[in-house]
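**Student:** here you go, sequence then predicted model.
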2 protein chains.
Amino acid sequence: MTDSYKFITADSVLEWDESCDVIVVGLGCAGGCAAVEAAEAGVEVIGIEQAVQVGGTTALSGSMIYLGGGTPMQTKHGFEDSVENMYNYLSRSSGPRPDLERIEMYCNESVSHYKWLCDRDIPFGTDYFPGGYERVADDGLTWSGNERSHPFNQYAHPIPRAHIVQAQGEMLGGAVLVQKLVAAAEAAGTRVLTQTSAQNLVLDGVGAVVGVCCLQDDRKVYIQARGGVVLTAGGFIHNREMLEKYAPLLATSKVQIGCEGDTGSGIQMALSIGAAAIRMDAGSVSLPVYPPLSLKKGILVNQQGQRFINEDSYMGRVGEFALYYQQGRAYMLLDDEHFAMPEIWDSEVLVSSDSISEIENHCGFPIGALAQSLDYYNQHAAKKADPLFHKGADYLVPLLKAPYHLLDVSIDRMTYFTFTLGGLHTLPTGEVLDPQGKSICGLYAAGRTVSGITKLGYSSGTSLGDGTFFGRKAGKSAANNN
Amino acid sequence: MTDSYKFITADSVLEWDESCDVIVVGLGCAGGCAAVEAAEAGVEVIGIEQAVQVGGTTALSGSMIYLGGGTPMQTKHGFEDSVENMYNYLSRSSGPRPDLERIEMYCNESVSHYKWLCDRDIPFGTDYFPGGYERVADDGLTWSGNERSHPFNQYAHPIPRAHIVQAQGEMLGGAVLVQKLVAAAEAAGTRVLTQTSAQNLVLDGVGAVVGVCCLQDDRKVYIQARGGVVLTAGGFIHNREMLEKYAPLLATSKVQIGCEGDTGSGIQMALSIGAAAIRMDAGSVSLPVYPPLSLKKGILVNQQGQRFINEDSYMGRVGEFALYYQQGRAYMLLDDEHFAMPEIWDSEVLVSSDSISEIENHCGFPIGALAQSLDYYNQHAAKKADPLFHKGADYLVPLLKAPYHLLDVSIDRMTYFTFTLGGLHTLPTGEVLDPQGKSICGLYAAGRTVSGITKLGYSSGTSLGDGTFFGRKAGKSAANNN
C-alpha cells in the first residue's frame, strides 16, 4: 500500500497490463450494479476489488434495500404506496437541503429497479415482518425508518419500504446480494480481479481519466479504461485522519460501521484530480435504544433532564439528535412496569430508585428537572397525548410504577453506529463533478464514495438503495462514454 | 469573469506579463499581513486585489482582533491573562476537534503579534470598554466571546481579549487596519494591483505553483511567482452554489456577511489542483438578541417551550445553538419590567399578554410547556440559581411582571449573521495540503480561505486574529521558498 492516491499521467505509463472499456473500482453493491449495467451494455468491463472476496460493506449488512412507489412486494402485503408518497417521505427525511433531483429519479424508477434486481436473481424474502428484532424466517418487507413517527407521518402516508434480501447459509443477505450481482456481471462478460487495490487514476494530456494504476501484492498493474472509470470504493469511516478532518463527530463513536476498505481511497483518488467532495460532515448515526420495542415507552432526556425527541423515532434519527444536537449526552428513563434490560446494549443501568429526586442527585441532573419532565409527560400520556414531540399512541403510556430505572445512553457509554454519507459530488447519472460543477471526463462514481440521497436522519436501506440504483446509472454512463 | 478556476499549465503561458517572488491573492487583513512579512523578508511581492480598493471583508468590520496571554493593553487595564489561560478558553470554545497545534501557536505568540501590529502603526484604541453597544470613543479592549459565561468560565479565568482598531474619519477600524498593513507592505516594496482578479493557478511540469493568471478588465495577465502564491481571498459566503453544496444551513439566513469577493475563488483555485478543503460545513452564526443588554434577562426557548442555552452566552453561540441544534426556531420571553424594544432587530413582538397560556396558544407552543419553563426558571432565579444552564447572576432575575412579551427570533424572522469558517487544509505555517496531508509546492493560504482556529461558537475577533496571525506565517513561508 502506498499512502498517496495522487493521479499519474498516461505518458508515464510505459505499457498497459490490461485494457478494457470500463473499470469498476470496488465491488460492493454499487460496484456490482455498475459492472452489470456496463457489461450488459456490451462493453468490456474489469471489476477490481482490493479484498480477497467481493462484497465490501454491503456484505456486512442484513441487506435492506429501500424501495417503494408500489413494488409488487408492497402490493402483495396490502400496502398502497405511490411515487409521490415515497418522494414526500424521502424529500422531508433526508437531511437539510436534500438533492431533490436525485430523490425524484430514485422514487420514479424504484419499482423498475426492484424488478431489475429480481431479474438478476436477487432473492428477496417473501413475508411481511412488522418489526422488532426477532425477524421471521423469510422476511421480505419491513419498516426501516421514521415513516410512522412524527413529523414524517404528517408529510406522507406511512408505508414500509425495506425490501430484504435473504441470507443463504452462512452468508448475510448483503453478501448474497453482491455475489448475485457480481455473478450477473461476470455472466455478461465482466472480468473480476480480487486482491487488486486501486492506487491512482491515470490522466491523459487533456485531463480525462483513461485508466487506473493498481497494486497486486507489491506489483503495480496498469489497467487502461477506454471509456471510463467508476469509483464505487465505499466511504471513509475507517480513515481516522479523514474523519477528524471532515466529520469529527462521527469519530467520537466507539463503533464505526464498514468493511476494512472504507478508507476513502476512491474519494482521495478523485480529489487529487480536482473533483469536488461535498457534505463531508454528513453521517449516519444510529443509536439502537431498543430492542425490546417496549423500551420506546421510556423517555429520552438530555443532560438538562429535558426530553428532546419522540422516542418512537427510528434509531437513525435518535442517534443524530443525541450526537449532533445534544453533544452526545442522553439518558433513558423507564418505570419498573415497562423496563426490560436492553438486548444489544453495552450500557448498564446507571441508577434505579423509587425517588426521581434521588436519580437526579445521583446523575447530576438539575434539581427537579427530570421530575418535571416526567410529570409533564405522564400527565399528557394518560390522555394519549404528547404535546412536545407527538410520540405515537402505541408507546405512549404514563410511567408510574416505582422503582424507576435510568440508563446512560451517552456516546461514551453506548454504541452509536456511524458511517459516512459525504463524498464526491456527482450528477445522478454518475458523472463526477469538479468544484465548478463541470463533469470530469471519464470519471464516474456511486455508493458511499459519493454524496447520495441521504445527508442525515438515515432510514435503513437507503444506502444499499442509493448504491444499487445510482451504481447502475454510473455503470451505464461509463459504458455510453465509449 | 470566467466561471472556471481550473489551473493552467506553465507551458501554455507564452509570456509572463509580470514576475515576482511571492504573489498574494486578496488584500484583506490576511493578505495584508502576508505581503508585509514576505516583503520585509526581502523578496519581491505583488499583491493583487479584485476590488477597486484593498480591504476585503476586514474593511466592513469594526475590527476586533482577538489577542491575549498578557498584552500591554490587557495589563494596562488590570487584566491578568496568561498564554495557558487563553489556550484553555480557545481550545474549549472553538468547536469540536479544534486544531490544537494552531491554537497553541496562536496563544504562544499573541503578545508578540500585538506588538508586531503596533509596530506597523495599527491604531488600537486605548480605553477599556466593558460592553454593550454604546461604544466609548477610544475603546481599545473589550469582551467579545463566551469568556464570562458557562461553561467556559469553568475552564479559564474570564479575560477580555478583543483589541479594537480605531476607526478614522469615515473609515471603519477594519478598513484602517488593512490600509495600514498595505501601506507597510508597500513601504517594504510590495507592488499592489487593484481591479485584478485571480482566475487560475499556473502549474509547472511537476505540479508546483509558479504563477497566477488574472483578469484586468477582460485582459488576461500572467504573473509569475518564483517563490509561491499565497491565497488570502476570503471565504465563500457569497457563493450560493457552494453554500448549498457544502454548508446549506448557512444559506438559510437572510444576511450573509462578507465583501462581494467572498465567492470562494481562492478555495476553488486550490481545489482544482487537488488541495483539500476541510470542515466546509462550519460557519459563524451570530444571533444578536441584544442590545440592550437587559434583554439577556429574558429566557430563550425552542419550539417546545424549553430553554436551550444560558441567555448570557455570546451571540456567536446563541446563533449556533438556535440554527444548528433547534433547526432555526427560537423565541425570547420577557416580562414587562425587563422588556425593552431591541435596538437592531428586524423582529417584532409576536404577542404580549398577561397570560402565559394565551401566549402558548397564540404561538402554538405545547400546552403548559412555556409556563413550566418560566416557573422553573423563576423559582431558581429568585435564589440566583440557574440549574439548567448556569446563566450568570447579572442577568438572572425572576420574570414576574405581566404583561409578558414574546419575540420570535427564528431564522425566518430575525437576522442571523453568517459567514463561512471552512476552507483549505493548511499547516499553521501556511502550506496548503493535499488530501494525503502533503504540502503542495508553492501554494500557501490564510484567512477565511482556510479552515482556521474556530469551527463553531465564534468569538468576535478570532477571524481577524487568525487572519492576521496566520497571514503573516503564510507570507513568511512563501518568502522562504525562494
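**Tutor:** Looks like it came in fine.
**Student:** do a quick rundown of the strands in the stretch 101-250 of chain A.
**Tutor:** Ranges of strands within the stretch 101-250 of chain A are A:127-129, A:139-142, A:162-164, A:191-193, A:196-203, A:209-216, A:219-231, based on DSSP state E, counting those that start in this stretch.
**Student:** now do the contacts for A:Val212.
**Tutor:** A:23, A:25, A:48, A:198-202, A:222-223, A:225, A:229 (Cβ atoms under 8 Å, 6 or more residues apart in numbering or on different chains). (Each C-beta comes from the backbone N, C-alpha and C, glycine too.)
**Student:** list the beta-bridge partners for it.
**Tutor:** Note on A:Val212: beta-bridge partners by DSSP bridges are A:Leu201, A:Ile223.
**Student:** ok, A:Cys20 next?
**Tutor:** Note on A:Cys20: beta-bridge partners by DSSP bridges are A:Ala225.
**Student:** do you know how far the closest residue to A:Gly228 other than its chain neighbours is from B:Val36?
**Tutor:** Excluding the flanking residues, the one nearest A:Gly228 by Cβ to Cβ, 6 or more residues apart in numbering or on different chains is A:Ala478, at 3.7 Å. Distance from A:Ala478 to B:Val36, counting by Cβ to Cβ, to the nearest Å: 51 Å.
**Student:** residues of the longest helix belonging to chain A that come out buried?
**Tutor:** Secondary structure of chain A per DSSP state H: the longest helix is helix A:462-480. Within helix A:462-480, the residues that qualify as buried are A:462-479, counting by 16 or more other Cβ atoms under 10 Å in any protein chain shown.
**Student:** likewise for stretch A:96-104?
**Tutor:** A:96-99, A:102-104.
**Student:** out of the strands of the stretch 101-250 of chain A, which is the most enclosed?
**Tutor:** Stretch with highest mean neighbour count among the strands of the stretch 101-250 of chain A: strand A:162-164 (a mean of 27; mean count of other Cβ atoms under 10 Å in any protein chain shown).
**Student:** quick one: mean pLDDT for that one?
**Tutor:** Averaging pLDDT along strand A:162-164 yields 96.
**Student:** what residues are up against A:Gly26?
**Tutor:** Taking Cβ under 8 Å, 6+ apart as the definition, contacts of A:Gly26 comprise A:48-50, A:56, A:198, A:231-234, A:261, A:266, A:447, A:449.
**Student:** and for A:Gln53, the neighbour number?
**Tutor:** 14 (other Cβ atoms under 10 Å in any protein chain shown).
**Student:** how about it, phi and psi?
**Tutor:** Phi and psi for A:Gln53, reported as degrees, to the nearest 10, are phi -120, psi 150.
**Student:** mind showing which ranges of the stretch 51-200 of chain A have poor pLDDT?
**Tutor:** For the stretch 51-200 of chain A, the stretches with pLDDT under 70 are A:132-135.
**Student:** got the residues of it near chain B?
**Tutor:** By Cβ under 8 Å from any Cβ of the partner chain, the residues of the stretch 51-200 of chain A that approach chain B are A:96-97.
**Student:** could you check how far the most centrally placed residue in chain A is from A:Gln166?
**Tutor:** Nearest residue to the geometric centre of chain A (Cα atoms, centre = their mean): A:Ser463, 3.7 Å. In this view, A:Ser463 and A:Gln166 are 19 Å apart by Cβ to Cβ.
**Student:** what does the stretch 201-350 of chain A have sitting close to chain B?
**Tutor:** A:241-242, A:244-246, A:248-249, A:251-252, A:267-268, A:271-274, A:276, A:278-281, A:304, A:306-307, A:324-326.
**Student:** I'd like to know which of these are buried.
**Tutor:** A:242, A:245-246, A:248-249, A:251-252, A:267-268, A:271-274, A:276, A:278-281, A:304, A:306-307, A:324-326.
**Student:** does anything pack onto the longest helix of chain A? Which helices or strands?
**Tutor:** For helix A:462-480, the helices and strands in contact under the criterion 3 or more Cβ pairs under 8 Å, 6 or more residues apart in numbering or on different chains; DSSP states H and E are strand A:18-25, helix A:29-40, strand A:64-66, helix A:100-108, helix A:110-119, helix A:173-187, strand A:219-231, strand A:439-445.
**Student:** comparing the ones you listed, which comes out most buried?
**Tutor:** Taking mean count of other Cβ under 10 Å, helix A:29-40 is the most buried of those, at a mean of 33.
**Student:** between that one and helix A:173-187, how many degrees?
**Tutor:** Relative orientation of helix A:29-40 versus helix A:173-187 (axes from the mean of the first three to the mean of the last three Cα atoms, to 10 degrees): 20 degrees.
**Student:** and the next helix or strand past helix A:29-40?
**Tutor:** Downstream of helix A:29-40, the first helix or strand assigned by DSSP states H and E is strand A:45-48.
**Student:** note down every partner strand of that following strand and its orientation.
**Tutor:** Neighbouring strands of strand A:45-48 in its sheet, by DSSP bridges, are strand A:18-25 (parallel), strand A:191-193 (parallel).
**Student:** who's in contact with A:Ala30?
**Tutor:** A:Ala30 touches A:232, A:446-449, A:467-468, A:470-471, A:474, counting by Cβ under 8 Å, 6+ apart.
**Student:** and A:Phe365, what is it in contact with?
**Tutor:** Applying Cβ under 8 Å, 6+ apart, the residues contacting A:Phe365 are A:301, A:303-305, A:359.
**Student:** what of A:Gly207?
**Tutor:** Residues near A:Gly207 by Cβ under 8 Å, 6+ apart: A:273, A:440-441.
**Student:** again, 7 Å this time
**Tutor:** When the contact criterion is Cβ atoms under 7 Å, 6 or more residues apart in numbering or on different chains, the partners of A:Gly207 are A:Cys441.
**Student:** and if you look at A:Gly392?
**Tutor:** A:148-149, A:312.
**Student:** need the nearest residue in space to A:Gly32, chain neighbours excluded.
**Tutor:** Using Cβ to Cβ, 6+ apart and skipping residues adjacent in sequence, the residue nearest A:Gly32 is A:Leu181, 3.0 Å away.
**Student:** verify the contact between that neighbour and A:Gly28 for me.
**Tutor:** No: taking contacts as Cβ atoms under 7 Å, A:Leu181 lies outside contact range of A:Gly28: 9.1 Å.
**Student:** relative to B:Asp408, which of the strands paired with strand A:45-48 is closest?
**Tutor:** Closest approach to B:Asp408 among the strands paired with strand A:45-48 is made by strand A:18-25 (50.7 Å; Cβ to Cβ).
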